[in-house]
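Colleague: Provided below are the primary sequence and the corresponding predicted coordinates.
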Amino acid sequence: MSAWTRRRATPGQTTTTGRRRGTVVAALLATMALVLAGCSDDSDAGPADTWSDSWVTAQQPAVDIWSPNWSKSGFADQTVRQVIRPTLGGDE
């Protein structure tokens with residue numbers, strides 16, 4: 001069998017190329033569906049009267065500039081307090 005001839009699949013049997021092509025087509029269709037689902041026309045929706053929340057963090061490097069930094073040596077039998085400041089924004 002030469003490299004240019006293609007083996008035909010018998011009924012009920014698929015070739016590796018056919019399965020691969022089907023997988024690629026299914027992946028492309030799924031990608032297109034996800035992209036198009038994310039696109040919507042909100043131009044006629046008007047102003048939004050909803051609130052939105054936010055979350056902010058401030059990472060600090062482990063340095064000994066102002067005081068001893070216990071995060072460099074670790075915490076043993078100590079309580080670590082993490083302060084969270086939630087905020088809401090909106091017109092209300």
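Modeller: Yes, it's here.
Colleague: so, low pLDDT: which residues of the protein?
Modeller: Applying pLDDT under 70 to the chain picks out residues 1-18, 39-62, 69-72, 88-92.
Colleague: show me what counts as buried in the longest helix along it.
Modeller: Secondary structure of the chain per DSSP state H: the longest helix is helix 16-38. Judged by neighbour count using 16 or more other C-beta atoms under 10 Å, helix 16-38 contains no buried positions. Placement of C-beta: from N, CA and C, glycine included.
Colleague: and for stretch 63-76?
Modeller: Buried, per 16+ other C-beta under 10 Å, within stretch 63-76: nothing.
Colleague: CA atoms of that stretch as CSV?
Modeller: Output in CSV follows, covering the C-alpha atoms of stretch 63-76 (Å, rounded to 0.1, in the frame of the first residue of the first chain):
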residue,chain,number,x,y,z
VAL,A,63,11.7,42.2,54.9
ASP,A,64,13.1,43.4,58.2
ILE,A,65,12.9,47.1,57.6
TRP,A,66,10.6,48.6,60.3
SER,A,67,10.4,45.7,62.8
PRO,A,68,11.2,42.0,63.0
ASN,A,69,9.3,40.1,60.4
TRP,A,70,7.9,36.9,61.8
SER,A,71,6.8,35.6,58.4
LYS,A,72,10.5,34.9,57.6
SER,A,73,10.9,32.7,60.6
GLY,A,74,7.4,31.2,60.7
PHE,A,75,4.6,31.1,63.1
ALA,A,76,4.5,28.6,66.0
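Colleague: list the helices and strands the longest helix of the chain packs on?
Modeller: If contacts are counted by 3 or more C-beta pairs under 8 Å, 6 or more residues apart in numbering; DSSP states H and E, helix 16-38 sits against no helix or strand.
Colleague: from residue 23, how far off is residue 34?
Modeller: Distance, residue 34 to residue 23, by C-beta to C-beta, to the nearest Å: 17 Å.
Colleague: got it, and residue 85?
Modeller: Between residue 85 and residue 23 the distance is 48 Å, computed by C-beta to C-beta.
Colleague: equivalent analysis for residue 30, please.
Modeller: 11 Å.
Colleague: likewise residue 29?
Modeller: 11 Å.
Colleague: cool, residue 38 as well?
Modeller: Residue 38 is 23 Å from residue 23, by C-beta to C-beta.
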